[in-house]
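Asker: coordinates only, sequence not included:
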C-alpha cells in the first residue's frame, strides 16, 4: 500500500498517517519528492481497509500495491491449470481447444437426443443443457429441475458426452455435482458467495461465468472463493458485459481472453451465444474467440430454435452448427492450437483427438 | 407483440409468420403501410418467446407491447404501496420519508450501541447493520453471522429501533426474518432467484437493492418474484450502477426515483453510501435523493470509520451524520414531504412524528 | 510517478528502470518493501509518457502522482471562480443559483418571444436557444444558423435576458461570441480541441458540457484547454452519461456535482432536459441538482412541445415550468443558497435579486 | 411509426393522437388488440419528431419502424462498397483484408522511415501516422502539423505506401486531403458534424472511427453525413467503446463487425491498438478481428516504443509486428479471405497480391 500525500499536506498530516499505521503494527517508509511525499507500506498491508485511509487529512490517494488475487494469479501458479476428465480429455494449457454445445434448456428427451447426436457426430465431447434456469421473469420457463438432470445423464451416457449444467443454489450443489462433469455458475450468480463456497467443497470442475457488470478482478476474486475452498478446478467463461450498445444483448469482451491469460493460470472459454443473443453472429464470434486464444467456446444449438422454451434467437440451427465446426477446425490449425474433434462409434467411443478436420462417423 | 416486416419482405414471408402464430393458437392482424407491413398480436402474446421471431425470414424487428411487469406495475396497482410497522410507522405513499442508518457491518456491541444511540437521538427509527456480508474477496471480513443478529436484536430493543439486515442465502431466510424488521437483499443477489422465491414466503418487508448492472425493468421483475410468491411488502433501493466513471465507486442513478414512481407503486429509497463509496459526498446525495422524491435513504455511520472492518471510507462520522439530518429535515419541509424524526425517552418511546426539526431528547 | 515492480522483478529490472529514467534526466528513489520494490519520481515526471513504462520488464504498474489538471484544479485556485455579467449578475461561488431556460432550437420569433416572456415573468435571466444544432442524423432540422442568433439578440434585448447559445466550429467562434453572453460547447464537442482552443481566445464565458462518455478528469482537461488559452471563464455542465439503462436517454450523474466541487474551482450547472430526454422527470432532477449543490440548472421549455422541431419530449410546458420554478425557490431556501429570481418591468429592468419567491410583475 | 396506447387509454386519447397526426397530414390506421390499441403510420413518418408523441395522454410507447439510416444501409445498397486506390489496391467486399500500420504520431523523418521500411518489407501498403493529434491534455504533444504531412508524403513515396492520416477541423480538410490517401476522422470527432460535412465534399476515402460512447446506429448516421454530402467512400473503424472494465483502455467491440456487415455495405476495419492501449494484447485482437470478418486492421508500430511521444504502451515493437503479420496471413488463409501482402523492390513496386505468406524482398 502506498499513501500519496497532497502537495499541501503538512508534516503533521504525514506524521498522523504514520502514527495510525504504527498503532496497527505496520511499518512504513517515507519517500520525499520535490512536491509531494509518499508513505509506503509494501507487503504487509494485508487486512488493512485501504479505503479508510483516503479520508485522512492531507491524503491525496491510496494505491494498493499487492493484488488481492492470490491462488488464481499467474504469479502464484506460473504453469497453466489443465483440467483432466475421466478418459483423459483435457481443458486448458496446451490441450486442444474444446467446444461445449447443446440447448439452452433441457426441454424433452427427444430435443436433447437429437442435439446430442448432432454434436457428437461433429466430434464434440461436452453437452451443455440447463435443468435449473435463472430467468429474469418469474413467468418464464424455469427449467425441468432434477428431471432435466436425469435426461442429461441418460442421453450423455448414450453418446459418450460430458455434461455441463448449471447449479443455482448452495443446497443443490452436492446433488447437481453428481450429475455434472462440469458444474456451471451462471453470470448472475458470479458473486453468490455461499454458492461459491459450496463449490469449493466439491470434486468437480466449475465453469464460472463472468457477471455482466463484473470487472476482471472481481471475476478472479470470485474464482478465489472456489480455489480457497479447496477446489482447484475452475474454468472461467467470458459471456459479455453490460454496455450502452443496444444492437446485441451484451458486448462480448474478447480482450478479456489475453488479459486473463496474463493475470491467471486458469483456463478461459467464451460464450458467444449469451453474449450476443443472436445466432447470426455466433459463428463469427466463435472464430474470433479461438483466434484470440481462448481454451474453448460454449454455444447453444437447438433442433428447432423457433420453438425453444428459452433464448431461441441465439440458438444455432443444426446446419449453422456444422458449418461453424468446420470453420473452427481451420482456425485451430491456423493458430497451431487444434480444436478437439473426436470420431465416435455408438457404444464404442473411439478416441482420436485432436484431429484437424471434422469426421462424421455415427 | 408487433412484428415489423422488412421493406423487402414478400407475401410469402408475411404468410409464414402468420402461420407460425396461428399454429401456436395466436390470432394476428396485418397493418399494411406504404412501405412496410406489420403483423400485430396484441394482448395474447403471453408465453411466446419473442426473441425467436426476430430470426424469421423477412422480419425486421419484434416489438413487445405488453410489459412483462405485472404485480409490481403501477397499472396493476394504481395506489402507492405503504409498508406499515408494528407501531404504525410507515414507509411509502404519503408517509414521511425515512432515514435508515447504521454501520456497514455489525462489529461489536459497543460499536453498535454507540451508533444506535446516535441515530435514535437524531430521531431515526431504522437501524441497519450487516451480520452476513457479501464481500468481493474471500479474505475480507465476512460478518459475525447469527451472533451479529443477536447483537442487533439486543441493541435495537434497547433503543426502540427497527432492524434492517441482509440475508444472503435461501436457507437462512426464515431465521434472518425472525430478527429483521426489514430483510435486505443485496445488490449482488438481486437476481438470486431461489433467494427471491424464499422471500416471497416470509411475512416481513423486503428491501430489494438494485443490481449494479440491472436495468429498471430487470429490477422490477426481481420484485415480481417476491410479489408473485405472496409477499407484497417490497421496498426498492437504488444504490448506484456500474459505469465507466472511476471517480466514485458506482454512479448513483437518481433519475431511477421518478422513473420507478411512474412505473410502479412500490416505495423506493436511495443508498448514497454504497453508490459513492465516499463519505464526503453522502450528504449531498442524500439531500438530492429526498429532493428527487424518494421515500427515504439508507446511509452508513460509524463511531470510528478509520477502524471499520468494511467500507470505512463511506461511513459518515457522527458529526457529519447530525449535520446531514438537519439538512434533510429542511429539504423535507421544502418539498412538503417531511422526514420522519421522532423524539425518544429511553424505555418510553414517545412517538411524535413527523416533526420538522430534529429534537435530541435522550 | 511511482513505478511498482513485480514481486518477481530482479535487481537488473530495477536498475534498468532507473537507468532509463536517469537517461531522461529524471531523479528517482527506491522504496524497498518486504516483497516488492517501488521506484518513485515525485514532482518531476511532467512530460513523461507514463504508459510506456508499464511494459518494461519487471514493472507491475505505474501510478501517476501528479494530477494532469492544473489551472482547473482546486489546488491551483482554492477560491471558487465566479463569473460576473454586465449588470452584476453572477454565477458560481456563493452567488444565487441560476436557471437558464428556453427552447432546444430557435424556431421562430413568435416561439422565442413567448418563451422569453414566460421565463422572464418567472424571474429567469438567462435564455437558452440553439441556432446551430448538432443533430445525430443529417436529415434532422439543423437550426436557423445566424438568423437564429439575430432572433435571440432581438428577443433577449426586449426582455433583458442574457443569451446562452452553442457554437459548433472553430471558424464560427468569434461571431457567435458577439451574440452570446455565454457560449455553449455541446457534449459531442467536449473534445473538439481546435474549437476549445478558439474559445480560449474569446472574452466570453464558456458553458462546457460533459461528453456522454467522458470521465470527470477528461472533462476538466477539456476545460484546461480553454483556461490555458487565456479564458478563465468556464462553467461546467453535467448533462448525463452513457450507460446501459434504457429507461431514459442518458443517466444523469449528479454525484459529479460534489465531486467537481472538491476537484475544481469552476462553477457547475446541471442539464436535466438532455440527460433524461423526458419532461416528466425534469422537475424532479432539477430539484435534486440544486439540493446536491449545483450552481444552477439549464432546462428546455417550449410553448408547444408537440410541435417542437427538436427534442420535443424533453421540453417542459409553460405550466410545468412555472411549477418547477416555485419548487426550486423553496429548495434554494432550504439549503441557504437562494435561486436567482428577478422581477421585471418591461423597458425598466428592476433588479432585486436574490429573492426567495417567484414574483410575476410583467 | 407505431404508437402503442396504454391499456387504460380511452377512445378520446386514441382520437386525440389520430387528430394530431391528421393535422400534420399523416394517415394512420388503428390495430385493435384484446387489451391495447395501436395506431400505425407506416412509411410516411419521415420528418416527425417521434419523441414528442411519447408524452401524449394515453400513449405507452412510440416505436420507430423505418430506420433513420438510408445511404449507409445494406437495404439501400445490397452490394458491398469497395474502395479502389490508384494502383488497383482495394478495401472491402471480397478484396483481401488490409493491414494499416505505422506510428501513432509522426515524430521525425528517421522514425517514420524506419517504420515505413519495416511495414513495406512485410508487405503492408498503408502507412498510418498522425500529424494533427487530438490529445486529452493541452500539455501533451500535439503533433507536427503540416510539417508532419510533408514527412508522410516524402517517406510514403519512397516506399510506395498509401497515407492514412487524421484531420481535426473543417478548415484543414481540403489541404489534409491533398496529402492523404485515406483521411481519418478520430473517435472524438465522430459527431463533429461540420467536419463530416466538409468530408462529404472531398474526393478521398474517409476512415470514420467509432466514438467511444456511440451506438452502431449513431456511427452509421455519422457516415450518413459524409455519404449524403456526395462522398461515397467511407470506411468504418471499430476502436473500442467506453465500459466499466478498467483492465484496458477501452473495450473492443468485435461483435460490431458482423453487426455492421448485416446493417451496412460499408467496409469495416478494427483498431486494436487504441482499443486496448496495450501492445501485449494487440496481436491477439488483430487475429480475432480478421477471424470475425473485418476488412482489415489498423495498428501502431514504433521503432522505439519507450521513447514514443504518444501512446507508447500500445505500439508494437518491430519484432512483435513481424510475428503478428505471419499470424494474420495464416488466419486469412483459414477463413478464405487472404491478407494483402505485397512484395516490394525499392523504386520498382512489384505488385503481387494477394499472397498467402509474408515475403520480404526489399
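Answerer: That came through, no problem. The shown structure was predicted, so the numbers you read here are calculated from the model rather than taken from an experiment. Residues are numbered from 1 along each chain as shown, chains lettered A, B, ... in the order given.

Asker: where in the stretch 1-150 of chain A is pLDDT low?
Answerer: Counting by pLDDT under 70, the stretch 1-150 of chain A shows low-confidence ranges at A:42-49.

Asker: residues of it that sit close to chain B?
Answerer: A:20, A:46-47, A:49, A:51-56, A:68, A:70, A:134-139 (CB under 8 Å from any CB of the partner chain). For glycine as for every other residue, the C-beta is placed from the backbone atoms N, C-alpha and C.

Asker: switch the cut-off to 6 Å
Answerer: Residues of the stretch 1-150 of chain A found near chain B (CB under 6 Å from any CB of the partner chain) are A:49, A:51-52, A:54-55, A:68, A:134, A:136-138.

Asker: nearest to residue B:318, of those?
Answerer: When the residues of the stretch 1-150 of chain A next to chain B are ranked by distance to residue B:318 (CB to CB), residue A:55 comes first, at 14.5 Å.

Asker: Three-state assignment for the nearest residue to residue A:51 once chain neighbours are set aside, please.
Answerer: Leaving aside its sequence neighbours, residue A:51 sits nearest to residue B:313 (CB to CB, 6 or more residues apart in numbering or on different chains; 3.5 Å). Here residue B:313 is recorded as helix under DSSP: H, G, I helix; E, B strand; the rest coil.

Asker: distance between stretch A:201-216 and the chain's centre?
Answerer: Distance of stretch A:201-216 from the chain centroid (CA atoms, centre = their mean, to the nearest Å) equals 5 Å.

Asker: cool, and stretch A:227-243?
Answerer: Centre to centre, stretch against its chain (CA atoms, centre = their mean), the figure for stretch A:227-243 is 4 Å.

Asker: ends of it, what's the gap?
Answerer: 29 Å (CA to CA, to the nearest Å).

Asker: list the contacts of it.
Answerer: Residues outside stretch A:227-243 that contact it (CB atoms under 6 Å, 6 or more residues apart in numbering or on different chains): A:71-72, A:83, A:187, A:197, A:200-201, A:205-210, A:212-213, A:223, A:226, A:250-253, A:256, A:266-271, A:274-275, B:138, B:213, C:244, D:243.

Asker: ok, residue A:169 to residue A:233 distance?
Answerer: Residue A:169 sits 21 Å away from residue A:233, going by CB to CB, to the nearest Å.

Asker: revised request: answer the last question for residue A:175.
Answerer: The separation that residue A:175 has from residue A:233, given CB to CB, amounts to 18 Å.

Asker: more neighbours: which of those two?
Answerer: residue A:233 (23 against 12; other CB atoms under 10 Å in any protein chain shown).

Asker: which one of the residues of the stretch 1-150 of chain A next to chain B is nearest residue D:116?
Answerer: Nearest member of those to residue D:116, counting by CB to CB, is residue A:68, at 45.1 Å.

Asker: now that closest one: closest residue in space, sequence neighbours ignored.
Answerer: Closest to residue A:68 by CB to CB, 6+ apart is residue B:137, at 5.0 Å.

Asker: ok, residue A:286 touching residue A:294?
Answerer: No. Counting by CB atoms under 6 Å, residue A:294 is not a contact partner of residue A:286; they are 9.4 Å apart.

Asker: and residue A:88, how many neighbours?
Answerer: 9.

Asker: list the contacts for it?
Answerer: Residue A:88 touches nothing, counting by CB under 6 Å, 6+ apart.

Asker: in three-state terms, how would it be classified?
Answerer: coil.

Asker: now it: how far from residue A:247?
Answerer: 42 Å.

Asker: same check on residue A:258?
Answerer: 24 Å.

Asker: pretty sure the residue nearest to residue A:68 belongs to a strand, no?
Answerer: No. Under three-state DSSP, residue B:137 sits outside any strand and is assigned coil.

Asker: what's the burial count for it?
Answerer: Going by other CB under 10 Å, the residues that sit close to residue B:137 add up to 18.

Asker: is it correct that it is in contact with residue A:221?
Answerer: Yes. Between residue B:137 and residue A:221 there is a contact under CB under 6 Å: 5.0 Å.

Asker: can you pull the buried residues of the strand or helix carrying residue A:155?
Answerer: Assigned by DSSP states H and E, residue A:155 falls within helix A:146-159. Using 16 or more other CB atoms under 10 Å in any protein chain shown as the test for burial, helix A:146-159 gives A:148-149, A:151-152, A:155-156, A:159.

Asker: among the residues you listed, which are in reach of chain C?
Answerer: Counting by CB under 6 Å from any CB, no member of the buried residues of helix A:146-159 reaches chain C.

Asker: give me the buried stretch members for stretch A:289-300, please.
Answerer: Residues A:289-300 are the ones in stretch A:289-300 that count as buried (16+ other CB under 10 Å).

Asker: what's the farthest-apart pair in these?
Answerer: The widest separation within the buried residues of stretch A:289-300 (CB to CB) is 22.4 Å, between A:293 and A:300.
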